[in-house]
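> Build me a structure from this.
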Amino acid sequence: MSKTKAAGVSQPCEGTQPAAFAEVSHFRSELYACLTARADALFELCDALLCTDGPVRTLVDLALAPEHRRGHGALYGGLNQGRIDVARLRRALAGMPLPRATAGRLVLAVDVSP
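This is a model prediction of the structure:
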């Protein structure tokens, strides 16, 4: 029986801008480093949350997402016993550059759905 391990490094897609890819890959590595307990389960949970189409209404929806390769027990174990270094995560998020359009204007997205 093989154990699954979360992939902390991104895989480039065709047509990806190298600088943007390096930035995202670095952030994923930093995010994984912020997860101090049950890191693999929490990291896959983050991937499932970000990659699932449409709203997530239940934890079962996340457990069934292709990005969450573990059983539903790992999802609950990660949420119940996982730990996050919040200060390190705060520094990682604050260190990310703001997205800008070609003219230098900030580009932000906001979800206003209830």
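
> Provide the backbone phi and psi angles at residue 111.
As for residue 111, its main-chain torsions (degrees, to the nearest 10) stand at phi -100, psi 120.

> tally of neighbours for it?
6 (other C-beta atoms under 10 Å). In this view, the C-beta of every residue, glycine as well, is placed from N, C-alpha and C.

> Over to residue 37?
Number of residues near residue 37 (other C-beta under 10 Å) recorded here: 13.

> max-length helix in this structure?
If you go by DSSP state H, the chain has its longest helix at helix 18-34.

> How are the helices of the chain distributed by residue range?
18-34, 39-51, 59-63, 72-81, 86-94.

> returning to what we had before: mean confidence score for the longest helix of the chain?
For helix 18-34, mean pLDDT rounds to 88.

> now what about stretch 89-107, what contacts it?
Residues outside stretch 89-107 that contact it (C-beta atoms under 8 Å, 6 or more residues apart in numbering) are 23, 27, 30-31, 34, 108.

> Averaged pLDDT, stretch 59-71. What do you get?
85.
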